[in-house]
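Student: Test case, fold it:
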Amino acid sequence: MGSLFAELARQASANARREVETYVREIPELGSLDVSSRARDETLEYAVWFRRRTLELAPDNGVLTDADLGYIASMGEARAGAGMSLDSRQRVLRVHTELMLREINEATEAQRGGDVDELMRIMSWFAPQGERGIGAYRQGFVTAMRRRLPYVEQVALLARSLLAGDPIAAELALLTGLEAAEYYEVTVILVPDCPVGDRDLESAIETLVRSHRVPVTWCPERGGRGGELIALVPGVAGSGQVPAAAAAAAATAATADLPAAPHAAGSGPIVSVPAVSVPTGSGLLRDFAQALGRLCAVGTAGASAAELAGALDRARRISRAAPLRRTSGRLRAHTLADVFVELAVTEVPFVDDWLRSVARSLEPGPDLLLTLDAYYLHDMNRGATAEALNIHPRTLDYRLRRARELTDIDPGSTRGVRILSAVVTRSLSGAWR
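Tutor: Numbers count the residues shown, from 1 in each chain. Coordinates of the predicted model:
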């Protein structure tokens, strides 16, 4: 054994102790190693073993055996069995890798550069065998989760892993039986009033997971009553379409006799929504809306699997700018093209204040916001709007004249569409409550 390997062997026990101490200091979930001597001893024993095994194999470029990989997997399985989160698991792997590389660097410096050939040999060994070891650890972690977690929670972990770009998503996809895709439509269903622990919510999510077989996770609002359902619907980049099987299910859902019924926050008449093109994941939205029966707003944005975090941010912003609606059937997903004006307005407070003043001028009514909402939803078609509102066309004409009198803006003009449609959407989104 050369000088570099000999130096690493001399420091193996000390370096293993440093690794355990780093876990305790930097990873809260492993703070128990400070109070549980058994857990600490097992972790230390594994850390020493891995370093010594590295020094046995690296000089001759040997590979980790099945028994070695089994031991590594058992450690991952033990961590998951103890309830370790995916975030902490990732931090463990990062700390371990960083410390192993630091130890090699320290040993090289202690030998004043050492033998370049030895350094190249251990680094050449470390990359491929380290990857195999990490893969075994993850596999053990996933095996324990299969036993410990209900299926719905496994799917939620898959969704969060995909959004975070965590490599464990590949194992979770196999675990859940959901095929990973190269492109997803990230859909955020904002539910501002849904108490944590609501049985209808839990039942709705379980139904979605088992019926639609897409990654879904619920994120409760911190300190609030609501939250958001995040669904990742496999799609085709640049097309806004889902794969054939999912598209067929969506088309079936869209052709069902399920009239939508938007309803403003608070009280007001029911308004039917005109038929729209089949949106990505329409069946999922329909089922969730039916099961929950609460005010919702939906935003969606697509991205490749490597860029889902950005798509989630966009979908969240869109959902918060979109109007809240109570639906008994189809719930429409809004895209950037639907609410780009409202998104821009949120960044310019004085413009938002002005739009809010226009909304206030409509308050004398009767039901002018809801009337304008239906008017624009039906592309300013008087007959369709009156039918949706269940009023006479002359009553609709009166309300539109009333809106013009109160705001000095003609709802049917280009200026009226630009201003009043933004007023309606901002008001129904709940942003001004």
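
Student: what's the weakest-modelled helix or strand in this structure?
Tutor: Every helix and strand in the chain was compared by mean pLDDT, DSSP states H and E; the lowest is helix 244-254, with a mean of 39.

Student: what sits against residue 358?
Tutor: Contact analysis of residue 358 by Cβ atoms under 8 Å, 6 or more residues apart in numbering lists 407, 409, 419, 420, 423. (Glycine included, C-beta is placed from N, CA and C.)

Student: same thing but 6 Å
Tutor: By Cβ atoms under 6 Å, 6 or more residues apart in numbering, the contact list for residue 358 reads 407, 423.

Student: Against residue 167, how distant is it?
Tutor: Going from residue 358 to residue 167 by Cβ to Cβ, to the nearest Å gives 50 Å.

Student: Could you do residue 106 as well?
Tutor: Noted for residue 106: a distance of 28 Å to residue 167, by Cβ to Cβ.

Student: picking up where we left off before, follow the chain on from the least confident helix or strand of the chain and name the next helix or strand.
Tutor: Per DSSP states H and E, the first helix or strand lying C-terminal to helix 244-254 is helix 282-292.

Student: Could you look up the next helix or strand downstream of that following helix?
Tutor: Following helix 282-292 in sequence, per DSSP H and E, is strand 295-304.

Student: ok, residues contacting that following strand?
Tutor: Residues outside strand 295-304 that contact it (Cβ under 6 Å, 6+ apart): 183, 185-191, 235, 311, 314-315, 318-319, 322, 324, 326, 331, 333-335.

Student: Try it again at 7 Å.
Tutor: 182-193, 235, 237, 240, 265, 280, 285, 289, 310-311, 314-319, 322-326, 331-336, 429 (Cβ atoms under 7 Å, 6 or more residues apart in numbering).

Student: Looking at the residues you listed, which are in strands?
Tutor: Within these, residues falling in strands by DSSP state E are 183, 184, 185, 186, 187, 188, 189, 190, 191, 325, 326.

Student: Next, give me the two most distant ones among those residues.
Tutor: Spatially, the most separated pair among those is 183 and 326, at 31.5 Å (Cβ to Cβ).

Student: between those two, which one's more packed in?
Tutor: Per other Cβ atoms under 10 Å, whichever of residue 183 and residue 326 has more neighbours is residue 183, with 21 against 18.

Student: Report the beta-bridge partners for the more buried one.
Tutor: Beta-bridge pairing of residue 183 under DSSP bridges involves residue 304.

Student: Isn't it up against residue 235?
Tutor: Yes. Between residue 183 and residue 235 there is a contact under Cβ atoms under 7 Å: 5.2 Å.

Student: low-scoring stretches of the protein, by residue?
Tutor: 1-2, 113-114, 195-200, 223-224, 237-282, 327-331 (pLDDT under 70).

Student: Output the longest helix belonging to it.
Tutor: helix 116-148 (DSSP state H).

Student: So which elements touch the following helix or strand past it?
Tutor: Sequence order places helix 151-164 as the next helix or strand after helix 116-148, per DSSP H and E. Judged by 3 or more Cβ pairs under 7 Å, 6 or more residues apart in numbering; DSSP states H and E, the packing partners of helix 151-164 are helix 169-176, helix 199-212, strand 216-220, strand 227-234, helix 308-321.

Student: As a markdown table, those with distance to residue 119 and mean neighbour count would be great.
Tutor: Shown next, in a markdown table, are the helices and strands packed on helix 151-164 (distance: least, Cβ to Cβ, whole Å; neighbours: other Cβ atoms under 10 Å):
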| stretch | distance to residue 119 | mean neighbour count |
| --- | --- | --- |
| helix 169-176 | 32 | 20 |
| helix 199-212 | 50 | 16 |
| strand 216-220 | 44 | 19 |
| strand 227-234 | 43 | 25 |
| helix 308-321 | 36 | 21 |
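
Student: Including distance to residue 130, could those go into CSV?
Tutor: As requested, these are exported to CSV (distance: least, Cβ to Cβ, whole Å):
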stretch, distance to residue 130
helix 169-176, 17
helix 199-212, 35
strand 216-220, 30
strand 227-234, 30
helix 308-321, 26
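
Student: Which of these sits closest to residue 378?
Tutor: Taking Cβ to Cβ, helix 308-321 is the member of these nearest to residue 378, at 21.2 Å.

Student: any idea how far residue 334 lies from residue 323?
Tutor: 8 Å.

Student: Those two: which is more packed in?
Tutor: Set side by side, residue 334 and residue 323 show more neighbours around residue 323, with 25 against 21, by other Cβ under 10 Å.

Student: Tell me how many other residues crowd the spatially closest residue to the more buried one that is not a sequence neighbour.
Tutor: Leaving aside its chain neighbours, residue 323 sits nearest to residue 428 (3.4 Å; criterion: Cβ to Cβ, 6 or more residues apart in numbering). Using other Cβ under 10 Å, the number of residues around residue 428 comes to 22.

Student: What of residue 385?
Tutor: Neighbour count of residue 385, defined by other Cβ under 10 Å: 25.

Student: ok, it touching residue 396?
Tutor: Yes. Here residue 385 lies in contact with residue 396, judged by Cβ under 7 Å, at a distance of 5.9 Å.
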